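>>> What follows is a protein structure lacking sequence information:
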């Protein structure tokens, strides 16, 4: 997460924003969804694929309220990611 996204994330969490885990391999789609979620006050953990999303989930100790994922991604697809997150969290 770059400094700008980290700052946006921290600000959203500080203001009571719920945390969303976004996993999307298409950069344009990922950026549009990220912008929409941030404008609605969500704190967003952003991953470029399912494997990175799983790693972010494992590193983030707080509550993740929602997973937004592409169903077809490299390494781990969306349905497998959801299953793994449910099992681990």
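Here it is on my side, so go on. Keep in mind the model is a prediction, meaning the values are calculated, not measured.

>>> confidence score at the residue positioned nearest the centre of the chain?
Closest to where the C-alpha atoms of the chain average out (CA atoms, centre = their mean) is residue 21, at 2.2 Å. Residue-level confidence at residue 21 comes out at 97, pLDDT.

>>> next one: residue 7
On the pLDDT scale, residue 7 is placed at 64.

>>> cool, and residue 84?
pLDDT at residue 84 comes out at 96.

>>> How about the secondary structure of it?
Assigned with DSSP: H, G, I helix; E, B strand; the rest coil, residue 84 falls in the helix class.

>>> check which helix or strand covers residue 21.
strand 19-23 (DSSP states H and E).

>>> again but with residue 36, I slipped
Using DSSP H and E, residue 36 falls in helix 27-39.

>>> can you tell me how far residue 73 sits from residue 39?
Remark: distance between residue 73 and residue 39 (CB to CB, to the nearest Å) = 24 Å. Where you see a C-beta, it was placed from the backbone N, CA and C, and this is true even at glycine.

>>> Pick out whichever of these two has more residues nearby.
Per other CB atoms under 10 Å, whichever of residue 73 and residue 39 has more neighbours is residue 73, with 22 against 8.

>>> three-state assignment of that one?
Look at residue 73: counting by three-state DSSP, its state is coil.

>>> Does it touch residue 26 like I think?
No: in this structure, residue 73 is not within contact of residue 26 by CB atoms under 8 Å, at 9.1 Å.

>>> Can you list the low-confidence ranges for this protein?
By pLDDT under 70, the low-scoring segments of the chain are 1-5, 7, 11-12, 14.
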